[in-house]
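Chemist: 3D, please:
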Amino acid sequence: MSTITTKDGVQIFYKDWGPKTAQPIVFHHGWPLSADDWDTQMLYFLGKGFRVIAHDRRGHGRSSQVSDGHDMDHYAADAAAVVEHLDLRNCIHVGHSTGGGEATRYVARHGKVRVAKLVIIGAVPPIMVKTATSPNGLPIEVFDGLRQQLAANRSRFYLEFAGGPFYGYNRPGAKPSEAVIRNWWRQAMMGGAKAQYDGIKAFSETDFTEDLKVIDVPTLVMHGDDDQIVPIANSAPLSAKLLKSSTLKIYEHLPHGMCTTDADVINPDLLKFITT
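Modeler: Residues are numbered from 1 along each chain as shown. I've put the predicted structure just below:
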């Protein structure tokens, strides 16, 4: 199993597939999942001749279930440790949801000389929670509710989350995939409850405004307009405006988990951005 050890002693698991001489694409997964959530994209881009890398965030998947460091600064530093260990250059970074926040902070604070392009999908920036400077954000009670459900019965909460709003399976006429729901639940239950509990604060209360402002690499901002997890009104369009070089692409009727439900649409769009 491929791992690196961070400066604070955390083992981070990663996958590294494809030719070492090919352009690397680094994938950053969402909460509370693992690198496995990118398997469809990784196989697609591997088939297109790229080198593909994805890691399990600390406390998630096969990485160490540590008690501390479940915040965006540590997440970005851990990603940097993987990138530097593999000496990746001219990278494309692709982040979904919480991973979009992680990738944004990584590029802003660690990755300028190593990054070619950035993609954030259904991503949490600029900030999810309602504040004085973000009056249209979600009330803190929404995130308190997630914490309460996780603490009370994590297994049931995750089944209902994946079987409902994450993939839009709660919408009229939707056809839930039991295989997709089970795979989401499997990944989530691999991780540590403490890391995932703390991660709710990390993805909801971190303000990425200044990170977005300093990023100058071409950035694709992708979002489904039926995203029930990260509502589009307070995320993608605002991020696109703050970035120096952005392309905003909005997908009608697609859910938060559109990389899985609509990979046939998302993957070619990613390829087009990466190769042009």
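
Chemist: okay, CA-based contacts and neighbour counts for the rest of this
Modeler: Will do.

Chemist: Do you have the helices of the stretch 151-276 of the chain handy? List them.
Modeler: For the stretch 151-276 of the chain, the helices defined by DSSP state H, counting those that start in this stretch occupy 178-190, 193-205, 209-214, 236-242, 258-261, 263-275.

Chemist: Which of those helices sits closest to Gln228?
Modeler: For Gln228, the closest of the helices of the stretch 151-276 of the chain is helix 258-261, at 11.6 Å, according to Cα to Cα.

Chemist: Give me the distance from that closest one to the chain's centre.
Modeler: Put simply, helix 258-261 sits 13 Å off its chain's centre (Cα atoms, centre = their mean, to the nearest Å).

Chemist: How about stretch 98-109?
Modeler: The chain centre lies 9 Å from the centre of stretch 98-109; the measure is Cα atoms, centre = their mean.

Chemist: Stretch 15-33 too?
Modeler: Per Cα atoms, centre = their mean, the displacement of stretch 15-33 from the mean C-alpha position of its chain is 12 Å.

Chemist: Convert that stretch to CSV, retaining C-alpha atoms only.
Modeler: The C-alpha trace of stretch 15-33 is given here as CSV (Å, rounded to 0.1, in the frame of the first residue of the first chain):
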residue,chain,number,x,y,z
LYS,A,15,-2.9,5.9,-5.6
ASP,A,16,-0.5,6.7,-8.4
TRP,A,17,-1.4,5.2,-11.8
GLY,A,18,0.0,5.6,-15.2
PRO,A,19,3.3,6.6,-16.9
LYS,A,20,5.6,8.7,-14.6
THR,A,21,6.4,10.9,-17.6
ALA,A,22,2.8,11.8,-18.4
GLN,A,23,1.1,14.9,-17.2
PRO,A,24,-0.3,14.3,-13.8
ILE,A,25,-3.9,14.9,-12.7
VAL,A,26,-4.4,15.0,-8.9
PHE,A,27,-7.9,14.3,-7.6
HIS,A,28,-9.2,15.6,-4.2
HIS,A,29,-12.2,13.7,-2.8
GLY,A,30,-15.3,15.0,-1.0
TRP,A,31,-16.5,14.5,2.5
PRO,A,32,-16.7,11.9,4.0
LEU,A,33,-15.3,9.7,1.2
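
Chemist: Same question for it: list its buried residues.
Modeler: For stretch 15-33, burial by neighbour count (16 or more other Cα atoms under 10 Å) applies to 15-16, 18, 23-33.

Chemist: if we can go back for a sec, dump the helices of the stretch 151-276 of the chain to TSV, plus mean pLDDT, distance to Arg51 and mean neighbour count.
Modeler: Formatted as TSV, those follow (pLDDT from 0 to 100; distance: least, Cα to Cα, whole Å; neighbours: other Cα atoms under 10 Å):
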stretch	mean pLDDT	distance to Arg51	mean neighbour count
helix 178-190	98	23	17
helix 193-205	98	28	20
helix 209-214	98	26	17
helix 236-242	98	27	20
helix 258-261	98	19	20
helix 263-275	98	13	14
